[in-house]
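>>> pasted the sequence and its predicted model underneath.
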Amino acid sequence: MQQMSITVIIPSYNAETTILETLKSLVSQSQAIAELIVINNNSNDKTPQIIEKYFNENVFDFKYKIINHSRTFGLAESYNEAIFESSSTLIVTLHSDVVLFKDSLEKLIKPFAGDQDYIVASSHIVLHPIEVWLKYNFWGKVYFSRMAGKESNGINGQFDCFKKSALEKIGYFDSENYKTAGEDGDIVFRLKKIGKIADTDAKIIHLHRLDESFSYMDIIRKQMQYSEAQGVNLRRGRIVNFTGIVRAFFREILVISVFIPFVNILGTMIIILYSFLYTKQMYLKYVKDYRIIFLPFLNIFLLFVSFVYSIKGFLVGKQVR
């Protein structure tokens, strides 16, 4: 394989329960890296101490840099800051709640070998093992219940590789319009205009948050963020085909159906069914927990949250959360 220099960027915010596992899995990779840049994004837990302790107690054969922010940056802004610091030809983004398999990085950069100049980025496969899901608190289980035991793929920043030259050509990540979500869909849209994004069989495990503080309010906040970002993406022409629109805005479509004559009865029935099926894993595993009675109401409430914040993102044209 042609030798290429690799910089790995790890943005972190309140990642004290996962960042150490992420760092250990990266250091044990079969593929060497040239540089690691870890960003502490104004964490208010023990994340900065864990990062500092790990680097002080170990010796590495790559350069590393720790950037500590005194204010909270958005993901896109953090990525760009680290990209500007890097001198490598390949940029790998790695989230602080991800564990890699030993050959994950090797598989991720494989499409860039040889003379395939048209390859501008590569994506991964994310696993959501049941055994990890079982470690979450109740509301963490609710949030990830629809993904437990499943796989998904694509570029979402969790573990993706980009040619630095391609990022330079398109103007880097859009930190002006995206703060906490949506920057991945935007970067994919723009990269596809100049080259090809390669799918790989590089697998990762997404740990998410393993602490006990995750609550239903976190679920609501995340829905606000993602829906607002989807509205921005629609406004900016990042979602263009019918299938993409239906997939991105099926919640909003359900809400609208309730207000359309002759369709509203069917729409209401679908919403009621959806309110149970969306978190069906919880009913199979947690029938004795009284909080499951509230899940249908939460799921319906989230439909309206999604509707409101999608409209907000579309009208404002940029993400502000």
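Ah, there it is. A quick note: this is a predicted structure, and the numbers were derived from the prediction, not measured.
>>> okay, Gly157: pLDDT?
Looking at Gly157, its pLDDT is 88.
>>> tell me the spacing between it and Glu131.
24 Å (CB to CB, to the nearest Å). To be clear about C-beta, it is placed using only N, CA and C from the backbone, and glycine gets the same treatment.
>>> neighbour count winner among those two?
Shown here are Gly157 and Glu131; by other CB atoms under 10 Å, Gly157 has more neighbours (19 against 9).
>>> by mean pLDDT, which helix or strand of this protein comes out lowest?
Here the helix or strand of the chain ranked lowest by mean pLDDT, DSSP states H and E is helix 280-285, holding a mean of 86.
>>> please parse the protein into its domains.
6-206, 216-316 (automatic domain parsing).
>>> just say which of those is most tucked in.
domain 6-206 (a mean of 18; mean count of other CB atoms under 10 Å).
>>> now do the same end-to-end measure for that one.
22 Å (CA to CA, to the nearest Å).
>>> check stretch 132-151 too.
13 Å.
>>> mind checking how far that stretch is from the chain centre?
15 Å (CA atoms, centre = their mean, to the nearest Å).
>>> list of residues touching it?
125-130, 205-212, 214-216, 218-219, 222, 278-282, 285-286, 289, 291, 295, 298 (CB atoms under 8 Å, 6 or more residues apart in numbering).
>>> again, 7 Å this time
125-128, 130, 205, 207-210, 212, 214-216, 218-219, 278-279, 281-282, 289, 291, 295 (CB atoms under 7 Å, 6 or more residues apart in numbering).
>>> the stretch 1-150 of the chain: strands as residue ranges?
Under the criterion DSSP state E, counting those that start in this stretch, the stretch 1-150 of the chain contains strands at 6-12, 35-40, 63-68, 90-94, 98-100, 119-122, 124-127.
>>> make CSV from those strands and add distance to Ser257 to it.
CSV is the format used below for these (distance: least, CB to CB, whole Å):
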stretch, distance to Ser257
strand 6-12, 38
strand 35-40, 42
strand 63-68, 47
strand 90-94, 37
strand 98-100, 37
strand 119-122, 37
strand 124-127, 31
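>>> could you dump those strands to CSV with mean pLDDT and distance to Thr200?
Listed next are those as CSV, based on pLDDT from 0 to 100; distance: least, CB to CB, whole Å:
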stretch, mean pLDDT, distance to Thr200
strand 6-12, 96, 14
strand 35-40, 96, 21
strand 63-68, 94, 25
strand 90-94, 97, 12
strand 98-100, 97, 13
strand 119-122, 92, 5
strand 124-127, 96, 6
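>>> nearest to Asp199, of those strands?
strand 119-122 (7.5 Å; CB to CB).
>>> with just CA atoms, put the closest one into CSV.
Only the C-alpha atoms of strand 119-122 are listed here, as CSV (Å, rounded to 0.1, in the frame of the first residue of the first chain):
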residue,chain,number,x,y,z
ILE,A,119,-11.5,9.2,-4.2
VAL,A,120,-12.0,12.2,-1.9
ALA,A,121,-13.3,10.5,1.3
SER,A,122,-14.2,7.1,2.8
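>>> so where's the stretch 101-250 of the chain uncertain?
Applying pLDDT under 70 to the stretch 101-250 of the chain flags residues 115.
>>> about what we covered before: would you mind identifying the next helix or strand past the least confident helix or strand of the chain?
Note on helix 280-285: by DSSP states H and E, the next helix or strand toward the C-terminus is helix 295-316.
>>> and the gap between the residue nearest to Phe101 when sequence neighbours are not counted and Gln281?
Leaving aside its sequence neighbours, Phe101 sits nearest to Lys203 (CB to CB, 6 or more residues apart in numbering; 5.6 Å). As judged by CB to CB, Lys203 and Gln281 stand 22 Å apart.
>>> and what of Gly149?
Gly149 is 8 Å from Gln281, by CB to CB.
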